[in-house]
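Novice: show me how the following folds:
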Amino acid sequence: MKLSARNNLKGKVVAIDKGQIVAKIKVDIGGQTITSLVSNEAVDDLALKVGDDVHAIIKSSEVIIGK
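Specialist: Numbering: from 1, shown residues only. Here you go, the predicted model:
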């Protein structure tokens, strides 16, 4: 699969917390953890489970940081 997104981070699923509609997926990308919200349907379609090797692909026009 080829993608136009340039931010492709390889990592490992460390937690999956399913809600009613969406799931919170935590991915370790080499000592740091990122979190993604995806539909429960996507979790099932990808057969995601803790320990899976995945790619976090980030496509965004802006990043907002606050403190």
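Novice: from here on, contacts and neighbour counts on C-alpha atoms
Specialist: Fine.
Novice: ok, which stretches of this structure are strands?
Specialist: For the chain, the strands defined by DSSP state E cover 7-18, 22-28, 33-39, 53-58.
Novice: so which bits of the longest one are buried?
Specialist: Meaning strand 7-18. Within strand 7-18, the residues that qualify as buried are 11, 12, 13, 14, 15, 16, counting by 16 or more other C-alpha atoms under 10 Å.
Novice: before we move on, what about the shortest one?
Specialist: By neighbour count, and taking 16+ other C-alpha under 10 Å as the criterion, the buried residues in strand 53-58 are 54, 56.
Novice: ok, and what's touching that strand?
Specialist: 5, 6, 7, 8, 9, 10, 11, 12, 13, 27 (C-alpha atoms under 8 Å, 6 or more residues apart in numbering).
Novice: what angle do it and strand 7-18 make?
Specialist: 110 degrees (axes from the mean of the first three to the mean of the last three C-alpha atoms, to 10 degrees).
Novice: direction included, what does strand 53-58 pair up with?
Specialist: Using DSSP bridges, strand 53-58 pairs in its sheet with strand 7-18 (antiparallel).
Novice: before we move on, back to that, nearest to residue 61 among the contacts of strand 53-58?
Specialist: For the contacts of strand 53-58, the residue nearest residue 61 by C-alpha to C-alpha is residue 5; the value is 10.9 Å.
Novice: skip the chain neighbours and tell me the closest residue to the closest one.
Specialist: Spatial nearest neighbour of residue 5, excluding adjacent residues (C-alpha to C-alpha, 6 or more residues apart in numbering): residue 59 at 5.5 Å.
Novice: so which residue is smack in the middle of the protein?
Specialist: Centroid-nearest residue in the chain: residue 36, 4.2 Å away (criterion: C-alpha atoms, centre = their mean).
Novice: give the bridge partners for the nearest residue to that residue once chain neighbours are set aside, please.
Specialist: Residue nearest to residue 36 in three dimensions, not counting chain neighbours: residue 25, with 5.2 Å by C-alpha to C-alpha, 6+ apart. As for beta bridges, residue 25 partners with residue 16, residue 36 under DSSP bridges.
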